[in-house]
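Peer 1: sequence-free structure coming up:
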């Protein structure tokens, strides 16, 4: 940055802890200083402030049309689930009950039956499905809901783990196992595409182990992303529920062959946790870096002028702003802040492009465009900004994805044995690719001894940042016991 | 309807009770048969099914851009409000406490302090505003949230009054009383415009009396709509909160003059109740009638053919469908239902236009377009449907609004004294325009004796279906006591 223009930056940037000093504190500094959220006066709950919610609205805007294009419709199911419903599946939901918040009083009276605040809606939705599905003609049922859910968490962290969070949960019923599996994979594919294309996250799609799968699912698939501190984050899941819930909730249909059968189901979801992933994948020591497609603002125009030329520059800035009406551009014409303060402010908030306009720029009929992701500056003729900006945003989007991919690829290590495994996890973190014999005891020991879990059994034939490592790892033995391994898997410590 | 084409209609339509026989049952028949909602297994709660939620999405799509165009941003505040927060305003919120649902257990433990499920979010949002607002430069604060709220209701009715419902609540802070009043009126204007233009509701905007205003507001404004049974429904409210909450929650700002001042606030909201208004304003004995702008489907194509010409007609129907890709059109090519069944089904679900296509139509290269609102049919050349349909939808939208306006206007009666007032309410219902002395006792007696409330003190200078009656009523005395009345008001029994 130009020295004069950057006046005031130093005292500003130091408010954000550097990642090397304290990664957790850096994260908290970014989410609060960038006004993505604020702490609510209820333990573990947060307020999603407009700038953070703007990101969520854009994530919704990226996913919802994809859901609809594949035939899903939105609906809304109740917040409350009667205790008896959760008990019906107690065996499988015992993992959820300790996290449930209970309503016991309403309208001034004790309730005869406590109501759970939904931690997830399978119980309620399956109950309704049983009423709606009668015949093969009613299938498939393809619904989704955008809503809040509550899980009583002991340790919380903004966006990553909060007592209440926002998510979408898709729930579907199908006539056959094949259709349910195809749906499960289709939705995983939609998450993978959307997270890569719109959020610029270089996710690795794969299957979860039996130990890590959703309670009651036949198979769980997930997309896993690597954060800049080398820890993994599960960014979205898609479950093939088999007929488990259909049996518990009696979701039966009369098939073409005249026989009553249980439906086959799926469920799938992503949450506001994705905002945490965006911060930790793309952010740097200056703050947030947002991919253009989901950034609430594409660019900010900062006029720079001595007081005597203020009106002249502001007039030009307003004209430039008006010419960019199709994009999300803000003109920061506040006079209480210096240009340098504004540079830092908007860098910290991750706006992809800063447009500088000063008297000398005006004389040369140009503006300076500065990329948030790389810091690169370019001079653009004033009448060419509206053409150049969309190109530049596309370049940034692509570069951010490339960078996330390269980082993930570079941070993926192949390990051959237990010593190497432990060393890599201690010294470097990242994704660790190695063999696994398939035994749950080995999996358990690995977790206990290193804190690492199997993030996924990667999907074959889907290119990802770990593809090269997977190819090299073919045939390697189990990292823990040295026994024969059916194929390599991806380990990591995770959020 | 054509006799042959309407085969099967009779046994179908009789599933909906006629409005004249039992209006409440008609309403329940429509919401359930049209699959707008279903009853949830929790008292007073409902599931909003995809077709009903599709209407809500379109209402959101009509309102949200208007909020954003006037500078508001969406955010998300917690579901839970600590009991002590509600108690801080107990004096004014005593009306809400009996309706609150309480969370008393979470994470397997009794909570030290019960948490209310938000019945409305003033308490939480004002607490946060106090943290965020410091200086006049932070003003105005203009936020909105789309969320669920819970009010423990004794008697519930789908969409109109449910324990949990969806709504938006806007909350703003301003530096001066004038700005807050301007915002309150601006948002009332937005509701009025949107409900008229998009929902085709002929609403009457006005101010609430002291007795009917929001607890803690300086002034409450509302838009009132008249249902087809002659009862009124409050369709949206906008409150000037004055400095009441600012004082309770210490929302202070340093003004330009260097003095600490309390902010001036507003809040405003509409809910899924609007879906109830749509049903009761536009519906008829055949079921739902939806205004095109908020209808999930604009049109449905029903192919009509003997079996031997099935493919020929279907191919043409598919071509027609493909040519209407910019609109929300469904091709109903199900072979398990007769055309007559489909006619009734889609009429019942309120789809604005039915497009019929049979062999004779094909020979004449035409389709038949049938309006849901009026039943009118017109022949349109096949290659002209994509041009004619949008026109027709605009005509329907306009006609529905006109009809709602005329009905409301026709159902508005001027009354001069107490005898006339009681007679009109007993025999005709509708809006009753008459004088009111301004005394709360008179207002209370009117309610006790007739069940009617003052719906609003209509805004001057805003044209509405009651304008003519208001002009005629100028100078009339109080309908109850005969005393001097400052101006006419609008009475009605209400939902």
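Peer 2: All right, it came through fine. In this text the structure is predicted, and so the values were computed from the model without any measurement.

Peer 1: Now the phi/psi pair for residue A:324, please.
Peer 2: Backbone torsions for residue A:324, taken as degrees, to the nearest 10, come to phi -110, psi 30.

Peer 1: thought it was touching residue A:388?
Peer 2: No: using CB atoms under 8 Å as the test, residue A:324 is too far from residue A:388 to be in contact (10.6 Å). In short, each C-beta sits where N, CA and C put it, glycine included.

Peer 1: what about those two, which has more around it?
Peer 2: residue A:324 (18 against 15; other CB atoms under 10 Å in any protein chain shown).

Peer 1: Please name the nearest non-neighbouring residue to the more buried one.
Peer 2: residue A:386 (5.6 Å; CB to CB, 6 or more residues apart in numbering or on different chains).

Peer 1: ok, now which ones touch that neighbour?
Peer 2: Contacts for residue A:386 (CB atoms under 8 Å, 6 or more residues apart in numbering or on different chains) come out as A:323-324, A:326.

Peer 1: Now name the helix or strand holding it.
Peer 2: Using DSSP states H and E, the element containing residue A:386 is helix A:385-410.

Peer 1: tell me which residues in that helix are buried?
Peer 2: Across helix A:385-410, burial judged by 16 or more other CB atoms under 10 Å in any protein chain shown covers A:385-386, A:389, A:392-393, A:395-397, A:399-401, A:403-405, A:407-409.

Peer 1: same question, stretch A:74-81
Peer 2: Under 16+ other CB under 10 Å, the buried positions of stretch A:74-81 are A:74-81.

Peer 1: What of stretch A:97-107?
Peer 2: Applying 16+ other CB under 10 Å to stretch A:97-107 flags A:99-107 as buried.

Peer 1: ok, and of those, which contact chain B?
Peer 2: Among these, proximity to chain B is found for A:99-107 (CB under 8 Å from any CB of the partner chain).

Peer 1: Same list (the residues you listed) but as CSV, adding pLDDT, secondary structure and distance to residue A:488.
Peer 2: Shown next, in CSV, are these (pLDDT from 0 to 100; DSSP: H, G, I helix; E, B strand; the rest coil; distance: CB to CB, whole Å):
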residue, pLDDT, secondary structure, distance to residue A:488
A:99, 91, helix, 33
A:100, 94, coil, 38
A:101, 96, strand, 41
A:102, 96, strand, 44
A:103, 97, strand, 47
A:104, 97, strand, 49
A:105, 95, strand, 53
A:106, 94, strand, 53
A:107, 89, coil, 57
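
Peer 1: Tell me the one among the residues you listed nearest to residue A:249.
Peer 2: Among those, residue A:100 lies closest to residue A:249 (CB to CB), at 18.7 Å.

Peer 1: Now do the contacts for that closest one.
Peer 2: With CB under 8 Å, 6+ apart, residue A:100 has these contacts: A:86, A:116-117, A:119, A:150-152, B:106-107.

Peer 1: Repeat the analysis, applying 7 Å as the threshold.
Peer 2: A:116, A:119, A:152 (CB atoms under 7 Å, 6 or more residues apart in numbering or on different chains).

Peer 1: what's the closest of the residues you listed to chain B?
Peer 2: Chain B has its nearest neighbour among those in residue A:152, at 3.5 Å by CB to the nearest CB.

Peer 1: average model confidence for the host helix or strand of residue A:312?
Peer 2: Here residue A:312, judged by DSSP H and E, is contained in helix A:310-322. The pLDDT scores in helix A:310-322 average 96.

Peer 1: Give me the angle between that helix and helix A:385-410.
Peer 2: Helix A:310-322 runs at 70 degrees relative to helix A:385-410, counting by axes from the mean of the first three to the mean of the last three CA atoms, to 10 degrees.

Peer 1: okay, the buried residues of stretch A:74-81 in TSV with pLDDT and distance to residue A:41 next?
Peer 2: Formatted as TSV, the buried residues of stretch A:74-81 follow (pLDDT from 0 to 100; distance: CB to CB, whole Å):
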residue	pLDDT	distance to residue A:41
A:74	98	31
A:75	98	32
A:76	98	27
A:77	98	28
A:78	98	26
A:79	98	21
A:80	97	23
A:81	95	26
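
Peer 1: and those residues as a markdown table, adding secondary structure and distance to chain B?
Peer 2: Converted to a markdown table, those look like this (DSSP: H, G, I helix; E, B strand; the rest coil; distance: CB to the nearest CB, whole Å):
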| residue | secondary structure | distance to chain B |
| --- | --- | --- |
| A:74 | strand | 5 |
| A:75 | coil | 5 |
| A:76 | strand | 4 |
| A:77 | coil | 5 |
| A:78 | coil | 4 |
| A:79 | coil | 5 |
| A:80 | strand | 5 |
| A:81 | strand | 8 |
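
Peer 1: Need the per-residue pLDDT for the residue in the stretch 201-350 of chain A positioned nearest to chain B.
Peer 2: Closest approach between the stretch 201-350 of chain A and chain B, counting by CB to the nearest CB: residue A:336, at 6.3 Å. Here the pLDDT value assigned to residue A:336 is 90.

Peer 1: In three-state terms, label it for me.
Peer 2: Three-state call for residue A:336 (DSSP: H, G, I helix; E, B strand; the rest coil): coil.

Peer 1: Ok, the one 10 residues further on next?
Peer 2: In terms of secondary structure, residue A:346 is helix; the call rests on three-state DSSP.

Peer 1: Would you map the strands across the stretch 151-300 of chain A?
Peer 2: Listed in chain order, the strands of the stretch 151-300 of chain A (DSSP state E, counting those that start in this stretch) span A:164-174, A:204-207, A:219-226, A:232-242, A:252-254, A:260-262, A:264-271, A:299-303.
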